[in-house]
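Participant: Using only what follows, build the 3D model:
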Amino acid sequence: MDNLNFIATATFGLEAVVKRELSRMDFKITSGSDGRVDFCGNFSDMARANIGLRAADRVLLVVGEFEARTFDELFEQTKALPWEDFISADGIFPVDGKSIKSALFSVPDCQAIVKKAVVERLKTKYKLDWFPETGPVYRIQVALLKDKATLTIDTTGAGLHKRGYRAITSKAPIRETLAAGMVDLSYWRPGRILLDPMCGSGTIPIEAALIAKNQAPGLSRNFVSEDWPQIDKNIWEEVRVGATALGRPSPETTPLIYASDIDPKLVAQAKNNAEKAGVADLISFSAADIANVELPGEYGVIITNPPYGQRLGDRQELPQV
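Facilitator: Numbers count the residues shown, from 1 in each chain. From the prediction side, this is the model:
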């Protein structure tokens, strides 16, 4: 199915990073706004985005967008959308919702109305009066922003930050997607020094190493839309094969990635995570107090996620510097 519209959602502030990623992957970007970048394509493109995007949170399939200021408008226009093109007769289709600066501010009511409208549409198309909801999952979201309703289906499942390599984490781990975004924003490239002197579970240096290898972050995980019968299973296999072929087992320029932490146990955990990600050979780990860390060269980039009171305790607990 061609000419589909998608949204790559993103943490606020990382939209430009996600837009650059989509451009590098040769996607046709249609628009962008706070927390999202819109692009179009087919199911193969959807798979490529899920497997290849580093800084995006998830990929949503847009079923429809329209103005809705009353519950009747929301119901009728939702019912008019082609839900049968995407949701199978045995599909599980829960509805999430959010509303910002809209006349329809009751999210539970909006969710219930959208659910009812989708059921009524599918009743007509599938000639059924009851849906078992025992099959694949199609998580619908109704998002209202200034009276504009956007109806989407989540194609990702567990967020894209779930790479699969971080079985062990520190107390306040940074998300993998945010770590990748920080590396991208720094304009670090292999051949330059990258230092994380408070590496915790190693997320930042691991994401940098994955970038150095051009290893797609979603290769080792599954996505909810892989179970959709509307999508040829061969698409996912072909996309994974293509993404694997683009990887660099041995980067042409040796990455100068250094990671340290004051806690030796965290350093050991970070090494384990790096090994699971397949990039341990590209990162030099050490246990050291940041005050004693020696820079491995004159120029480079420092990227770190320092501990701070709001996440790990009270402000008074922080050492005076």
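Participant: Could you find the closest non-adjacent residue to D57?
Facilitator: Closest residue to D57 apart from its sequence neighbours, by C-beta to C-beta, 6 or more residues apart in numbering: T9 at 4.6 Å. C-betas here are computed from N, CA, C, even on glycine.
Participant: buried sites along the helix or strand hosting the one you found?
Facilitator: Using DSSP states H and E, T9 sits within strand 4-10. Buried residues in strand 4-10, counting neighbours by 16 or more other C-beta atoms under 10 Å, are found at L4, N5, F6, I7, A8, T9, A10.
Participant: What of stretch 279-298?
Facilitator: The neighbour-count check on stretch 279-298 (16+ other C-beta under 10 Å) flags V279, A280, L282, I283, F285, V293 as buried.
Participant: end to end, how far does it reach?
Facilitator: Using C-alpha to C-alpha, to the nearest Å, the end-to-end distance of stretch 279-298 comes to 25 Å.
Participant: and what of stretch 86-97?
Facilitator: 19 Å.
Participant: Not counting that stretch itself, show me its contacts.
Facilitator: The contact list for stretch 86-97 (C-beta atoms under 8 Å, 6 or more residues apart in numbering) reads 61, 63, 107-108, 110-112, 114-115, 118, 122, 126, 128, 131-144, 153, 228-230.
Participant: Quick check: S23 touching V37?
Facilitator: No: counting by C-beta atoms under 8 Å, S23 sits too far from V37 to count as a contact (9.8 Å).
Participant: Mutual contacts of the two, please.
Facilitator: I29.
Participant: Neighbour count for those two, which is higher?
Facilitator: Neighbours per residue (other C-beta atoms under 10 Å) separate S23 from V37, with V37 holding more: 27 against 13.
Participant: returning to that earlier point: now go through the contacts of stretch 86-97 and say which are in helices.
Facilitator: V107, P108, C110, Q111, A112, V114, K115, V118, L122, Y126 (DSSP state H).
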